[in-house]
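Chemist: my questions concern the predicted model and sequence given below.
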Amino acid sequence: MTSQRETIITGMKRDIEKFEDVQLLVRSFYNKVLNDDMLSGFFSYVKDHHWQKHLEVLDSFWDNILFYSGNYNGNPLEVHTTLHHFNRLNAVHFERWLKLFKETVDDLFQGQKAELAKQRAVSIATVMQVKILYKKEGSP
């Protein structure tokens with residue numbers, strides 16, 4: 001597996017090719033999120049109680065998104081809708097999340113799957129915003 005350090009030293013980037021690349025992406029991205037003043041608060045509970053499990057779920061989610069692995073069984077919309085009830089999300093949060101995600105992909109990878117990851121992130125963020133932020137009261 002090419003590490004982030006190796007990528008920085010050699011300047012050579014490759015595409016996201018396997019599960020270990022997904023893990024590198026997820027961990028690098030969430031390291032940025034945990035150090036981000038705007039977003040870190042959303043993760044304080046999960047970080048303190050079951051961070052490793054959360055990362056494993058995210059690994060499976062992104063592996064399924066990029067490689068159709070079938071390893072993810074969950075409902076991210078439901079999870080984020082619940083989060084929104086406790087800690088209000090807004091469009092600026094989604095924009096920041098996307099900015100950090102795209103930066104992380106670009107820092108580590110280049111290629112077709114890297115571009116797909118960024119496209120899918122935009123699609124996911126858009127759907128979540130519509131379903132969470134602009135949901136009419138009383139609608140499912």
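Modeler: That came in fine, so what should we check first? Numbering: from 1, shown residues only.

Chemist: how far does the lengthiest helix in the chain sit from the chain's center?
Modeler: Counting residues, the longest helix in the chain under DSSP state H turns out to be helix 44-67. Distance of helix 44-67 from the chain centroid (Cα atoms, centre = their mean, to the nearest Å) equals 9 Å.

Chemist: what's downstream of it, the next helix or strand?
Modeler: Per DSSP states H and E, the first helix or strand lying C-terminal to helix 44-67 is helix 76-86.

Chemist: just checking, residue 33 touches residue 98?
Modeler: No: judged on Cβ atoms under 8 Å, residue 33 makes no contact with residue 98 at a distance of 11.6 Å. Heads up, the C-betas are built off the backbone N, CA and C, glycines and all.

Chemist: between the two, who's got more neighbours?
Modeler: residue 33 (19 against 16; other Cβ atoms under 10 Å).

Chemist: contacts only, for the closest residue to that one other than its chain neighbours.
Modeler: In this structure, residue 33 finds its nearest non-sequential neighbour in residue 39, 4.9 Å apart by Cβ to Cβ, 6 or more residues apart in numbering. With contact set as Cβ atoms under 8 Å, 6 or more residues apart in numbering, residue 39 has these partners: 33, 93, 96-97, 100.
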